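Peer 1: sequence below, structure please.
(one chain, ligands or ions: 2)
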Amino acid sequence: MKINQKNYDYLIVGAGLFGAIFAYEAALRNKRSLVIEKRPQIGGNLATHQEHGINVHDYGAHIFHTNSLEIWQYINQFSEFNNYINQVIANYQGQLYNLPFNMNTFYQMWGVKTPAEAQAKIAQQKKAAGLTGSPKNLEEQAISLIGTDIYQKLIKGYTQKQWGKDPKELPSFIIRRLPTRFTFDNNYFDHRYQGIPVSGYTTIFEKLLASELIDVQLNTDFFADKSTYLAEFPKTIYTGMIDAFFDFEYGPLEYRSLRFETVAEPTANFQGNAVINYTDSKTPYTRSMEWRHFDGQGEDNITLITKEFPQDWDETKEAYYPINDEKNNQLFKQYRAKAKQLPQVIFGGRLGNYKYYDMDQVISAALHVVQKEFN
Ligand code: FAD
Ligand code: UDP
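Peer 2: Numbering: from 1, shown residues only. Ligands and ions are numbered 1, 2, ... in the order given. Coordinates of the predicted model:
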């Protein structure tokens, strides 16, 4: 039997942010889409659910942040956002430090009280490490920015756990995601707009996918029927792994996966902060999240804590992070060239474009594709 019985204009593979925005924008233009999603729910990695009145993020903590007023207004159409500001605590062998790297961190690490003292300390450690040219990897970049002590205590172990690689083998841009500041400001992000949707992210997806012109099929894997889908749909938006689309023809790209463990604790406040990073190499998890601190919602005497454990990716696991080092980026270019030969398929999102995108970048990329497609 034909899959495209309703004469859909688009097949959208993945009910995550990229796919849902494309479906929404297509519907606004009177185009009909079938969204297929292999997971049992919509929302991709942003999916949230409620437990004990607490909004739990199913795939790790998601804080919306952007510098773009246009993107901020766009996402605010679908939900009210709270005024949450991410302020992360690092726990290194029982000692606590503020993140991102700022005057509080420098004071806690060295007892320095002024920006000039902190800068002098960092310059001294950078010099002692023999770093003069431009940083060649994450380790050199980190020591150049914040010195050897902070690198050893707050970065080396966490990074090794997170990526399963030595920081010397990782690209420097990864550590530049975190601001370095010579002010006493613990805001994890430098962006102007920040918050969490007050009723969780999944409600945003319910609105994005609400049109009568959009049908959603959950628990449906594109690869179960790839050739039929491609033959029957005039155009496909594909937001899964690009190497999987091409049957790993040039070899697999590398990804990093995660495992989450959630426990309930019989108290209203267990760890005193939404996110605590465990930066030593021995603790097997990287972060511990206490969900009620993101939005203050929940019952009186129960709190939910999720620990995030990084793990190697294989085909039985979710691919959460692309590993954008030189080798993988080169391989991705081969797949991208192959994708360009298929004008009836648009590759989008974190896995389709193999890019370490945040949510605002996914929205921007999706709206760019929408512009190109409909103008
Ligand atoms: P996804 O959310 O991965 O959606 C793709 C969908 O396609 C998935 O639902 C998948 O199941 C489906 N799919 C894949 N293959 C198939 C197939 N063969 N058949 C059917 N369906 C398929 N960003 C921020 O801005 N702030 C944050 O605080 C933040 N925190 C993060 C924390 C973690 C732990 C992670 C992993 C990411 C975080 N991000 C954050 C990034 C954010 O999750 C992504 O930018 C965003 O979810 C990407 O959307 P997407 O649509 O590209 O991909
Ligand atoms: N990082 C670290 N220590 C920390 C937090 C982050 O070394 O306490 C490094 C680590 O390499 C991580 C990167 O900075 O992968 C980017 O951190 P971010 O919080 O942006 O990671 P994400 O939320 O995307 O997992």
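
Peer 1: from here on, contacts and neighbour counts on C-alpha atoms
Peer 2: Fine.

Peer 1: OK, contacts around the residue of the chain found nearest ligand 2?
Peer 2: Ranked by C-alpha to the nearest ligand atom, the top residue of the chain for proximity to ligand 2 is residue 155, at 3.2 Å. Listed by C-alpha atoms under 8 Å, 6 or more residues apart in numbering, the contact set of residue 155 reads 142, 279.

Peer 1: if you set the cut-off to 7 Å instead, what comes out?
Peer 2: If you count contacts by C-alpha atoms under 7 Å, 6 or more residues apart in numbering, residue 155 has them with residue 279.

Peer 1: now do residue 166
Peer 2: For residue 166, the contacting residues are residue 160, by C-alpha under 7 Å, 6+ apart.

Peer 1: same deal with the one 4 residues further on?
Peer 2: Contacts for residue 170 (C-alpha under 7 Å, 6+ apart) come out as 137-138, 325.

Peer 1: switch to 6 Å and redo it
Peer 2: Contact analysis of residue 170 by C-alpha atoms under 6 Å, 6 or more residues apart in numbering lists 137-138.

Peer 1: that one and residue 350, how far apart?
Peer 2: From residue 170 across to residue 350, the span is 19 Å (C-alpha to C-alpha, to the nearest Å).

Peer 1: before we move on, what about residue 106?
Peer 2: Per C-alpha to C-alpha, residue 106 is found 34 Å from residue 350.

Peer 1: one more: residue 362?
Peer 2: Applying C-alpha to C-alpha to residue 362 and residue 350 gives a distance of 7 Å.

Peer 1: give me the number of residues near the closest residue to residue 146 other than its chain neighbours?
Peer 2: In space, and not counting its chain neighbours, residue 146 is closest to residue 122: 5.6 Å by C-alpha to C-alpha, 6 or more residues apart in numbering. Residues lying near residue 122 (other C-alpha atoms under 10 Å) number 21.

Peer 1: again with residue 315
Peer 2: Residues contacting residue 315 under the criterion other C-alpha under 10 Å number 7.

Peer 1: that one: what secondary structure?
Peer 2: Under DSSP: H, G, I helix; E, B strand; the rest coil, the three-state class of residue 315 is coil.

Peer 1: would you mind giving both backbone torsions of it?
Peer 2: Here is the backbone geometry of residue 315 (degrees, to the nearest 10): phi -70, psi -10.
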